[in-house]
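> The following block contains a protein sequence and its predicted model.
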Amino acid sequence: MAGFLLRRLASAAAMLLVVGTIIFLMLVIVPGDPAELLLSTGGGSATPEAIANLRAEMGLDQPVGLQYLNFLAGSMRLDFGTSIIDGSSIAGAIALRLPRTLEIIAAGTVLALLVAIPAGTLAGLRAGSGYDIVASGLNALLTSVPGFVVGTLFIYLFAQVLGWLPAGGYIAFASDPVAHLRMLLLPAVTVGLHLATIIFRMTRASVLEMRGHDWVRTATAKGLTRRLVVRRHILRNALGPVITVVGMQLGILLGSTVLVEFVYNWPGLSGMLVTAVEQRDYPTVRAVILTVAAIFILINLVIDILYSLLDPRIRLQ
Amino acid sequence: MKDTLTTSRRSVLVGLGAGLAALALPRGLRAQQTGGVLRFGLSTFPPSLKPFDNTGGAANTVKLSIFRGLMGYNAAAELQPEVAESYEWTNPQTLVMTLRHNAVFHNGDPVTAADVVFSLNEITKEGSTAFLKSDLAIIETVEAVDDKTVRITLSAPSSIFLNLLANYCSPIISAKSTEDNVIGCGPFTLGAQERGVFIEVARFADFYMPDEPHLAGIRFIAYADENLRYSALEAGDVDLIEYLPWTQFDTVEASGRLEMKSTLGPFMFLLFNVTDGPFADPRVRQAVGYAIERQDVVDAAFAGRGEPLYGLPNPEGSPFDLADPEHEFTYDMEKAKALLAEAGYPNGFDCRLLATATYGMHQDTASVVQAYLAMIGINATLDLPDWGSRVTAGTEGRYDIAVHGTSGTFNDPDALFSLLYSGNPSYLQSFGFKSERIDGLLMQGRTEPDVEKRKAIYQELYAAYYEEVPQVPLNWRTQAHAMTVSVGGFEALPGFLNGSTAFVLEETTLA
């Protein structure tokens, strides 16, 4: 087990290094000079001298190799430096914003699980029924609607037409819990909706598959109630693959909340990334992507370890 | 097991109830919360609030609420003393300014002549990144005569020096300022902020204008997406927004609870890479000027909100009327084709048209231009990178023809200096374009004190702009702030001064 763990940790670290290097190189290649951008907004133009001065202030006049080494050394100490745009601490900004992104994902996931697992189970148990056809059809429809379209429609309906909820924005839970929850609701539902369609499909298929197994028939033949058979023999086995999919989706969600956060003006990690890319704030872009990648790799690591605990054969592979 | 199920069902019901209550509550709360704090929807979060750098319209709006300079503008866009109480030109190159006796910084210190000397030197010093560094290089000396009197000596007469002192990038800051703590003397003091989200400013009780500002404070909230910014206004999340999307002008005009203040401010134009190829020939550039039906650009890219622009972009509110039908690009396809043939391209040619996908208006403008160019045989391939790449491509000349939009900073032809003066090339200019005639006229225009002579200079510039075609003008675009009717005293400054509209924030009220 120790050997397996070490191997997995080493490969996770190697993956991070590769990701970090790719991000660094990509930003070197991407056109656009942050100093020029910063001084070129607002209808004016900056002199080449002013741009050069700002580049020096931002540390962009250092050799690329040195910048890379500084970046690696800093990242290893979890010191991402400061934003070249306004000099604020990047680690501080990530610490502030990551929980907000995770909050949307967590709230969305809980909502999705609460709705999709019962709905999917029922569809699986009653495959081919009227309910199954309607639910699966609706699910297919929702799967194909992108999050930002849902978001835009939600804002139009709930904020502009009905006036029930704010159009977007953020207020900290501590300063006004009610306002916070009202602002969380639409983004969480938007993120949850897409996840729910995946969970629904997975649950339905999984339940359908379990239903046909011999041991389910045996359990039913033994005279167990249907409820008990469903709960103990079908659901318990069917949920394994569902949990795996949810776990993998969580990593993907970190990336895909970009548009949802943008649509709702929710100041999470994604908005920070979009702004940083627009402004060519290299250190911030690198730090945010690296953080997301690290979480993604971590989730995979945890899933692998959990699997190896459930099924020892995996450790040998 | 059964118990757990009941409990969880109950907790779900309780949760739902709380959610519904939350939905029902806020209307009343919202009304109480507004008070005297104006919620202002910004188009972007200011990249920085460095007092002397120009980092965009949103930053300038916030800066004008915190910082003020020697000169300023009132709601009628009239240039007037601001931190200065009065001024006098003792000769065409010497300006003596008296500071307001009651002007104090946010730390309580009085604003003194020494602070003015410090501020102006910060702008012009070696290594500065200040927006006005090259413009204010005209200052030869700035000295404190006494605590409240400053004497500024210029190396040449300047007809626009007072406008420069009214710019949002030339505020007076305390000499005690540090990089992390810049101390201004504007109507509001900087409060809490979170990068990318909001900035709060609070009323400065010791502001030099009695009884102003009227607001208790302003909460600037950044909404990068223009449609969301408008949705937030309509949903009541904010009281006022800048850059109302053009598609919403009709809705706001028809609304009983919203209104807008607009002006023809920024303008759209085309730039050329004149280093080689067909566009090195001014006749080809003129052909482009005649080939485009400008009303179509206004209709397609700006929902009809704007006006065609046929000649030098002399802003609304300019002291001179320069219009001259002899030197304008009215839509004339035959003339365009003839010019093209004369330049040796009777069958047209292929080229790259640079714009940006970041701003829909740039992209839409490019599409209309592309369609009209095709009609005279110029086949343009659209290049639509993101804004950052667009700026770099412009600076490096990686285009044949490019769409651009901008505004000056004050209402005078001299505001076009940075767009036309070849001594300071940038992505705002045609790549490789140089004209001694235009450079000379620009220099003469800014140093000529006599108004009539200045007018003659700019009339000549109007003709030179047409003949040498450093740009092809396309259209003025209407720019609007939209607000709920509860907002009072807010006026959009006209023309190029629209970006300085935040001068009226101390007169703004909230019912």
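Perfect, thanks for sending it.

> care to break chain A down by domain?
Using the TED database, the domain ranges for chain A come out as A:20-90, A:98-314.

> what's the span of the first one from first residue to last?
Across its full length, domain A:20-90 reaches 16 Å end to end, with Cα to Cα, to the nearest Å as the criterion.

> Enumerate the residues of the stretch 101-250 of chain B near chain A.
B:127-131, B:133-134, B:194-197, B:221-225, B:227-228, B:231-232, B:234-237 (Cβ under 8 Å from any Cβ of the partner chain). The way it works is simple: take the backbone N, C-alpha and C, and place the C-beta from them, glycine included.

> Which ones among those map onto helices?
In this view, those that belong to helices under DSSP state H are B:227-228, B:231-232, B:234-235.

> quick one on the thing from earlier: out of the domains of chain A, nearest to chain B?
Nearest to chain B among the domains of chain A is domain A:20-90 (3.0 Å), distances taken as Cβ to the nearest Cβ.

> Any chance of JSON lines for the ones in helices among the residues of the stretch 101-250 of chain B next to chain A, columns pLDDT and neighbour count?
Shown next, in JSON lines, are those (pLDDT from 0 to 100; neighbours: other Cβ atoms under 10 Å in any protein chain shown):
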{"residue": "B:227", "pLDDT": "88", "neighbour count": "16"}
{"residue": "B:228", "pLDDT": "89", "neighbour count": "24"}
{"residue": "B:231", "pLDDT": "91", "neighbour count": "26"}
{"residue": "B:232", "pLDDT": "92", "neighbour count": "25"}
{"residue": "B:234", "pLDDT": "90", "neighbour count": "25"}
{"residue": "B:235", "pLDDT": "88", "neighbour count": "23"}
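
> and which of those residues is nearest residue B:152?
Closest to residue B:152 out of those is residue B:232 (43.8 Å), distances taken as Cβ to Cβ.

> Now do that closest one against residue A:4, distance only.
According to Cβ to Cβ, to the nearest Å, residue B:232 stands 52 Å off from residue A:4.

> Ok, residue A:38 next?
Distance from residue A:38 to residue A:4, by Cβ to Cβ: 49 Å.

> neighbour-wise, which of these two wins?
When residue A:38 and residue A:4 are compared on other Cβ atoms under 10 Å in any protein chain shown, the one with more neighbours turns out to be residue A:38, at 27 against 16.

> Hmm, residue A:38 is touching residue A:279, no?
Yes. Here residue A:38 reaches residue A:279: they are 7.0 Å apart, a contact under Cβ atoms under 8 Å.

> which residues do those two both contact?
Shared contacts of residue A:38 and residue A:279 (Cβ atoms under 8 Å, 6 or more residues apart in numbering or on different chains): A:85, B:47.

> Just the element for the nearest residue to residue A:279 once chain neighbours are set aside, please.
Leaving aside its chain neighbours, residue A:279 sits nearest to residue A:85 (5.4 Å; criterion: Cβ to Cβ, 6 or more residues apart in numbering or on different chains). Using DSSP states H and E, residue A:85 falls within no helix or strand.

> Give me the contact list for the helix or strand residue B:440 falls within.
Here residue B:440, judged by DSSP H and E, is contained in helix B:436-447. For helix B:436-447, the surrounding residues in contact (Cβ under 8 Å, 6+ apart) are B:156-160, B:413-414, B:416-417, B:420-423, B:454, B:457-458, B:460-461, B:464-465, B:468, B:470.

> Can you spell out which helices and strands pack onto the helix or strand following it?
Next helix or strand after helix B:436-447 toward the C-terminus (DSSP H and E): helix B:451-468. Helices and strands touching helix B:451-468, by 3 or more Cβ pairs under 8 Å, 6 or more residues apart in numbering or on different chains; DSSP states H and E, are helix B:282-291, helix B:436-447.

> So which of the residues of the stretch 101-250 of chain B next to chain A belong to strands?
B:194, B:221-222 (DSSP state E).

> Same list, those, but as JSON lines with distance to residue B:286, neighbour count and pLDDT please.
Converted to JSON lines, these look like this (distance: Cβ to Cβ, whole Å; neighbours: other Cβ atoms under 10 Å in any protein chain shown; pLDDT from 0 to 100):
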{"residue": "B:194", "distance to residue B:286": "51", "neighbour count": "17", "pLDDT": "88"}
{"residue": "B:221", "distance to residue B:286": "46", "neighbour count": "23", "pLDDT": "94"}
{"residue": "B:222", "distance to residue B:286": "42", "neighbour count": "24", "pLDDT": "92"}
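
> And the residues you listed, which is closest to residue A:236?
Of all these, residue B:194 has the smallest distance to residue A:236: 45.3 Å, by Cβ to Cβ.

> Show me what that closest one is bridged to.
With DSSP bridges as the criterion, residue B:194 is bridged to residue B:198.

> so, if you compare the ones in helices among the residues of the stretch 101-250 of chain B next to chain A, which one comes nearest to residue A:242?
Ranked by distance to residue A:242 (Cβ to Cβ), these are led by residue B:228 at 34.2 Å.

> need the contact list for the closest one.
By Cβ under 8 Å, 6+ apart, the contact set of residue B:228 is A:155, A:167-168, A:263-265.

> What distance do you get for it to residue B:438?
From residue B:228 to residue B:438 the distance is 42 Å (Cβ to Cβ).

> and if you look at residue B:387?
As judged by Cβ to Cβ, residue B:387 and residue B:438 stand 28 Å apart.

> can you give me the strands for the stretch 1-150 of chain B?
Applying DSSP state E, counting those that start in this stretch to the stretch 1-150 of chain B gives strands spanning B:37-42, B:71-73, B:79-81, B:84-91, B:94-99, B:139-146, B:149-154.

> Would you mind putting the ones you listed into a markdown table with mean neighbour count and mean pLDDT alongside?
As requested, these are arranged in a markdown table below (neighbours: other Cβ atoms under 10 Å in any protein chain shown; pLDDT from 0 to 100):
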| stretch | mean neighbour count | mean pLDDT |
| --- | --- | --- |
| strand B:37-42 | 25 | 95 |
| strand B:71-73 | 21 | 96 |
| strand B:79-81 | 16 | 96 |
| strand B:84-91 | 14 | 96 |
| strand B:94-99 | 20 | 97 |
| strand B:139-146 | 14 | 96 |
| strand B:149-154 | 19 | 97 |
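
> possible to save those as CSV with distance to residue B:444?
Below are those laid out as CSV (distance: least, Cβ to Cβ, whole Å):
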stretch, distance to residue B:444
strand B:37-42, 39
strand B:71-73, 23
strand B:79-81, 22
strand B:84-91, 19
strand B:94-99, 21
strand B:139-146, 20
strand B:149-154, 16
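
> wait, which of these is closest to residue B:366?
Closest among the strands of the stretch 1-150 of chain B, using Cβ to Cβ: strand B:37-42, at 26.6 Å.
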